[in-house]
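**Q** Dropping the sequence and predicted coords here.
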Amino acid sequence: MESPDFEIVDRFGELHVTKQRPDQERFWAAGFEMIRREDFHPEYAIEEIRSIRPDVVVVHVAISYPGGIPLKDGDYISAFSEIHTFILLRDEAVWRIAGHNITMRGL
């Protein structure tokens with residue numbers, strides 16, 4: 001669903017820029033590879049969907065990690081929550097993520 005290229009600043013302040021889908025796939029795969037999946041239970045809820053135009057939608061999703069995020073190396077990311085704001089654009093019959101903002105918030 002992502003646009004062909006994106007820039008993201010991770011939680012450590014590092015900028016990641018991808019220009020091709022294989023780069024995006026490697027970025028996300030590396031991030032998810034760190035997580036101990038059997039103990040990973042995020043909670044999410046769509047808070048709002050707002051249509052700006054027939055081909056543009058803004059979506060707010062609340063995501064929380066009440067049990068934190070356990071990592072495979074035994075480390076642990078403490079419990080937190082965030083709001084994800086997506087800007088979706090329809091490109092012919094396909095909706096694509098044109099913008100994605102993540103804002104930390106209290107749990």
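**A** The structure has been received and is ready for your questions.

**Q** Any buried residues in stretch 81-90, and which?
**A** Neighbour-count burial for stretch 81-90, counted by 16 or more other C-beta atoms under 10 Å, picks out 81-84, 86-89. To be clear about C-beta, it is placed using only N, CA and C from the backbone, and glycine gets the same treatment.

**Q** Which of those fall in strands?
**A** Where the buried residues of stretch 81-90 overlap with strands, as defined by DSSP state E, the overlap consists of 81-84, 86-89.

**Q** Count the residues that sit near D23.
**A** 14 (other C-beta atoms under 10 Å).

**Q** separation between it and A45?
**A** Per C-beta to C-beta, to the nearest Å, D23 is found 31 Å from A45.

**Q** V58 too?
**A** V58 sits at a distance of 16 Å from A45 (criterion: C-beta to C-beta).

**Q** Okay, now the sheet partners of the lowest-mean-pLDDT helix or strand in the chain, with direction.
**A** The weakest-scoring helix or strand in the chain, judged by mean pLDDT, DSSP states H and E, is strand 6-9 (a mean of 73). Sheet pairing of strand 6-9 (DSSP bridges) gives strand 15-18 (antiparallel).
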